[in-house]
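> sequence and predicted structure are below.
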Amino acid sequence: MAPNPRFTNAYNAMRTLGISDDEVRPILKRLLKEFGSNWELIEEDNYEILLDAYFESLEHKQEEGKGKAPISNHDEERAIPKLHLVNGDDMVSLTDNEVQVLSIEDNEIVPKTSETKMINKPSPLLHLGPLSSYLKGPCDDLNVNRRFKSISALYQNTPSPNGANLTMGPCHDDSNVNHRFKSISDIYQNGPNLNHANLSNKTQPAIAHENNHVQFLNDITKGSEKVEISLIDETGSEKLPKFNYIPNNITYQNANVNISLARIADEDCCSDCSGNCLSLSLPCACAKETGGEFAYTPQGLLKKKFLKLCMSMATKPQHNHFVYCQECPLERSRNNECIPEECKGHLVRKFIKECWRKCGCDMQCGNRLVQRGITCKLQVFFTRGGKGWGVRTLEDLPKGCFVCEYVGEILTNTELYERVLQNSNKDRHTYPVTLDADWGSEKVLNDEEALCLDATYNGNIARFINHRCFDANLIDIPVEVEVPDRHYYHIALFTNRKVKAYEELTWDYGIDFDDHEHPIKAFQCCCGSNFCRDKKNKGTGLKAKNKS
Ligand SMILES: C[S@@+](CC[C@H](N)C(=O)[O-])C[C@H]1O[C@@H](n2cnc3c(N)ncnc32)[C@H](O)[C@@H]1O
């Protein structure tokens, strides 16, 4: 009898974290029994429950075997991270050796389920340029982070009897261990031991600290956000990214973004409100767009119902979720000399409408979440999975949490394609996002009216967020703030599940990897998802190697 694919998927997910089938089997069986075979619960949030149960069982084992040698070689390997001491004191980085210790087995790629067939998004939202051929190896960041956490838990709970074998030196007492892990988390959260007194001053320029192993910037935002956003390169090998940090979108030149109070009809705003609109017994006019209910909770999260709706429209779009242009700007740009092909459709988007300047509420109103900007602790880091720089959170994030907006220059389609032509051979990574939510409207949109955001030269933290097919942990939701039509709007990124500290933040760009005619060539996807849509990866092991 063929094995139940749900078991296979669970084993595969755990294998990517270096946990063997033998270790998982008894835990999985127990959970299935406990949950009355409710697989959905076990599969939720990337098998979070299974992983937690695994770590609990490890802790129990350690409690039982305190002072004894590790049970097997396998355990021993896991308990001894090959951490590498930099500069001989408190700076630690992962070495290539460690990448091997932490690496994942070359397992089979999980066959796509029927559900995955529905993920054919014909309208690429963000379509990015070719990936350079600098794949660095199989270590996925989530694996490292999970490992880091689990390793640190192991250390803090049980001093390793073999600590003396560690590259970083003997590790006999807990205070020593804790001190080291504190230093690691210190680097992650605050950076290496630089002059923090200076760095914490927002008016100071960001300082790059460069030594053999770690490059660190304490604030790439140059003080323009409410929070500092650090950048770290543990490989020490990558050039720092060249771009100008901007916290809000700016028109490059020709894009006509007509922001004026006169365009906002009185009945489409809440000039009579005051204070916080979320505390009203009857929601004000600004909740009309979301069916008469605000999209946000008083705690500042997306409401579950709204998030679920957005997610199901993005991942399982039905025919009626698409609109079709009479003459599609995207098709027009594919080949100027031919008559453009028929529009392939654009996903109907669920918009959030925030209160704005004409509204009577104050800036702390719960319906002004995105415009208040970033509040999470984020970090740019150099990934080890061939994706270049990426973004991770430094704190646990709840489901439905606003992370950041995708900010860049507002370009017309014409300006974008001119840029793409000029830069096609230069840039390893590309950053344009199409603002195509209104492209299905009645009239024919010309290339000056069709807009996009390009964060290549000017952008915010979101320009570093990598793509992951289907099971990314962020979702992009369009937000109307200043402009009532859908020519121009904001793209806000929210978590679609709980995200653990140090997990990489990813977003499904909506790329159709089979669309070889697209004006912007797609990169070879290294997302590592079981549901990766890039068929070029079949058989290359990329998926297996980068799973998270
Ligand atoms: C918006 S940028 C993300 C930040 C980028 N990694 C960097 O280093 O600046 C998009 C680019 O990142 C790379 N990228 C993003 N996701 C990727 C993935 N899943 N696989 C491979 N490359 C990816 C591609 O080069 C893409 O053009």
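Nice, I can see it.

> how about the residues of the chain by the ligand?
Counting by Cβ under 6 Å from any ligand atom, the residues of the chain close to the ligand are 128-129, 131, 241, 386-390, 428-431, 463-464, 466-467, 523, 525-527. For glycine as for every other residue, the C-beta is placed from the backbone atoms N, C-alpha and C.

> just the buried members of those?
By neighbour count, with 16 or more other Cβ atoms under 10 Å, those hold 128-129, 131, 241, 386-390, 429-431, 463-464, 466-467, 523, 525-527 as buried.

> returning to what we had before: inside strands: which ones of the residues of the chain next to the ligand?
Under the assignment DSSP state E, the residues of the chain next to the ligand contribute 389-390, 466-467 to strands.

> list the contacts of the residue of the chain found nearest the ligand.
Residue of the chain nearest the ligand, by Cβ to the nearest ligand atom: residue 388 (2.6 Å). Neighbour list for residue 388: 238, 382, 428-429, 466 [criterion: Cβ atoms under 8 Å, 6 or more residues apart in numbering].

> biggest separation within the residues you listed, which pair?
238 and 466 (14.4 Å; Cβ to Cβ).

> where does residue 477 land in three-state SS?
Assigned by DSSP: H, G, I helix; E, B strand; the rest coil, the conformation of residue 477 is strand.

> that one against residue 352, yeah?
Yes. Between residue 477 and residue 352 there is a contact under Cβ atoms under 8 Å: 6.0 Å.

> find the residues that touch each one of these two.
With Cβ under 8 Å, 6+ apart as the test, residue 477 and residue 352 both reach residue 492.

> may I ask you to name the longest strand in the chain?
Longest strand of the chain, by residue count under DSSP E: strand 451-459.

> quick one: list the elements packing against that strand.
Packing partners of strand 451-459 (3 or more Cβ pairs under 8 Å, 6 or more residues apart in numbering; DSSP states H and E): strand 244-245, strand 408-412, helix 413-423, strand 432-434.

> end to end, how far does stretch 274-290 reach?
Stretch 274-290 has an end-to-end distance of 20 Å (criterion: Cα to Cα, to the nearest Å).

> list the buried ones in it?
276-278, 283-287, 289-290.

> helix or strand: which one has the residue lying closest to residue 21 once chain neighbours are set aside?
Nearest in space to residue 21, with sequence neighbours left out and distances taken as Cβ to Cβ, 6 or more residues apart in numbering, is residue 11 at 4.8 Å. Using DSSP states H and E, residue 11 sits within helix 5-15.

> what does residue 506 give?
Secondary structure from DSSP H and E places residue 506 in strand 504-507.

> picking up where we left off before, need the max-distance pair from the buried residues of stretch 274-290.
Maximum distance among the buried residues of stretch 274-290 (Cβ to Cβ): 18.4 Å, for 276 and 289.

> look up the residues forming beta bridges with residue 506.
Taking DSSP bridges as the rule, residue 506 bridges to residue 466.

> against residue 472, how distant is it?
4 Å (Cβ to Cβ, to the nearest Å).

> ok, back up a step: list the buried residues for the helix holding residue 11?
6-15.

> please name the residues that touch residue 47.
Residue 47 neighbours (Cβ under 8 Å, 6+ apart): 10, 13-14.
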